[in-house]
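*Asks:* sequence-free structure coming up:
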């Protein structure tokens, strides 16, 4: 037996994805999904024969022009029918400079269009390869709601650091950025005004995230705090200007065992809207979001998923009755409780297929673009969703 | 030159002997002359989780790995790094699709690993017997 050592000197060969210079690489994914619902619409016309209006294609390039400087950019095409009509977008494009501090610790700064350091699954979520199943839990990740795009990435900068000691590591990130809330219905969602005539502006968006992990994530504990403070400038004489403030603390736990992974995330969203509200009086509200999830890798390349996720628009009115009588919409608009069972199979190198079945009580997680009747007192309170996704990566 | 190379190989071999598991030795494979001494578990994790991007002398680190289900990769992850292969894959995919790091290059076979690591400045991989 011998440890082999060689000396370098020959120019590198260039296979598929290496761009042939330094460590530059090109990667991407093509994912096509199918959704079928027993009631309501999820990603297109999913009743009847189901919907294929669910496509995600990404291409990225990344590399280090100098050892501690990373340049990375990803373009994305996403179609999710009514809830995502942006088509092509720049998903991220950042410069990242890292300063090692000795040992296994470092600090760094990342600037440009950056992925928001938000809870556990946000940063890599556009690729199904990074998700536990076809869809992320609606409760925190709002996949069919207008807040999805603002959640994902924003333009600005973030400071980050990591300090490792033995098998433990502490990490922290702090983001200051321009939130993308003037896209795709986010203004309507945040102000609560359908077809809101105007724009959101105001001070930068802040997110702080701190984490502890043991043994590279066998145990992960994460705390995220989101802080948004926006001014609504109305372009209509019939709608006054106003403010919306949103603060959301969220905690996450994950345990990674050999065959099992257990995950739980819990958060509350405190909001205060004023100005454009009835009589201009500030309206405060606290929403609650959480999920618990188990994944079981029962065979090589296979995993099974079981999850319960819950979203309550008003934590003081979890069955929605009081909000329903106040607003005049059915109570199922104000909560969504979802039990999901899924399977994921990497059937060939770089290919995966995932399928899942959701049994949902409540319509709070549904897109009003795909389901306009939700704003008119309609909608099916109990509904099932079957989702399938096939993906290739390179 | 030859004598220096042999001495370095012996040092690494002795170190690997204390780490290797019962069913055959497995060693990190360095495609360059190591001047800072043997690499411990923690530093190997920093390298294979792509958090450390350069060697002490400033040369960029280029990491090569085998496919996730390759038996050598599974053994390297569990025995040398102390992690499950899916933990590596999750970390690499997260950094790749979020623009926060360049994951290791996946090669198809041990022979290709040997060839690529030997041909690339600053490269590191792993080999078994």
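*Replies:* Received it, and whenever you're ready, just let me know what you need. As the structure is a computational prediction, the values presented were derived from the model and not from experiment.
*Asks:* give the contact list for residue 53.
*Replies:* Unless you meant another one, I'm taking chain A. A:35, A:43, A:44, A:45, A:79, A:80, A:81 (C-beta atoms under 8 Å, 6 or more residues apart in numbering or on different chains). All C-beta spots, glycine's among them, are computed from the backbone N, C-alpha and C.
*Asks:* Chain B is the one I meant
*Replies:* Residue B:53 touches A:64, A:67, A:68, A:70, A:98, B:60, B:61, counting by C-beta under 8 Å, 6+ apart.
*Asks:* Roughly how far does residue A:237 sit from chain B?
*Replies:* Separation of residue A:237 from chain B (C-beta to the nearest C-beta, to the nearest Å): 43 Å.
*Asks:* host element of that residue?
*Replies:* For residue A:237, there is no host helix or strand (DSSP states H and E).
*Asks:* Let me know the pLDDT of it.
*Replies:* At residue A:237, the model reports a pLDDT of 85.
*Asks:* So, low pLDDT: which residues of the stretch 51-200 of chain A?
*Replies:* Counting by pLDDT under 70, the stretch 51-200 of chain A shows low-confidence ranges at A:183-184.
*Asks:* looking at chain B, which helix or strand is least sure?
*Replies:* Ranked by mean pLDDT, DSSP states H and E, the weakest helix or strand in chain B is helix B:2-19, scoring a mean of 33.
*Asks:* What parts of the stretch 251-394 of chain A come near chain B?
*Replies:* A:256, A:258, A:297, A:300, A:301, A:349 (C-beta under 8 Å from any C-beta of the partner chain).
*Asks:* that older thread, mind checking which of the contacts of residue A:53 land in strands?
*Replies:* A:35, A:79 (DSSP state E).
*Asks:* Including neighbour count and distance to residue A:27, could the contacts of residue A:53 go into CSV?
*Replies:* Below are the contacts of residue A:53 laid out as CSV (neighbours: other C-beta atoms under 10 Å in any protein chain shown; distance: C-beta to C-beta, whole Å):
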residue, neighbour count, distance to residue A:27
A:35, 27, 26
A:43, 28, 25
A:44, 22, 28
A:45, 17, 32
A:79, 19, 21
A:80, 24, 22
A:81, 21, 27
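*Asks:* and of the contacts of residue A:53, the nearest to residue A:307?
*Replies:* Residue A:307 has its nearest neighbour among the contacts of residue A:53 in residue A:35, at 17.0 Å by C-beta to C-beta.
*Asks:* Would you confirm that the closest one contacts residue A:389?
*Replies:* No - with contact defined as C-beta atoms under 8 Å, residue A:35 does not count as touching residue A:389 (9.4 Å).
*Asks:* which residues in the chain form helices?
*Replies:* With no chain named, the answer covers chain A. Here chain A has its helices, by DSSP state H, at A:138-141, A:148-152, A:186-191, A:321-327.
*Asks:* please go with chain B instead
*Replies:* Using DSSP H, helices in chain B cover B:2-19, B:41-48, B:71-75, B:85-96, B:110-119.
*Asks:* Run a quick neighbour tally on the residue nearest to residue A:47 when sequence neighbours are not counted.
*Replies:* Nearest residue to residue A:47, sequence neighbours excluded (C-beta to C-beta, 6 or more residues apart in numbering or on different chains): residue A:37, at 5.7 Å. A count of neighbours around residue A:37, defined by other C-beta atoms under 10 Å in any protein chain shown, yields 26.
*Asks:* Tell me if I'm right that residue A:37 and residue A:44 touch.
*Replies:* No - judged on C-beta under 8 Å, residue A:37 makes no contact with residue A:44 at a distance of 9.9 Å.
*Asks:* Put together JSON lines for the residues of the stretch 251-394 of chain A next to chain B, with neighbour count on each row.
*Replies:* Below are those laid out as JSON lines (neighbours: other C-beta atoms under 10 Å in any protein chain shown):
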{"residue": "A:256", "neighbour count": "22"}
{"residue": "A:258", "neighbour count": "10"}
{"residue": "A:297", "neighbour count": "17"}
{"residue": "A:300", "neighbour count": "10"}
{"residue": "A:301", "neighbour count": "14"}
{"residue": "A:349", "neighbour count": "12"}
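*Asks:* now, which of those lie within strands?
*Replies:* Short answer: those in strands (DSSP E) are A:256, A:297.
*Asks:* Give me the distance between residue A:329 and chain B.
*Replies:* 37 Å.
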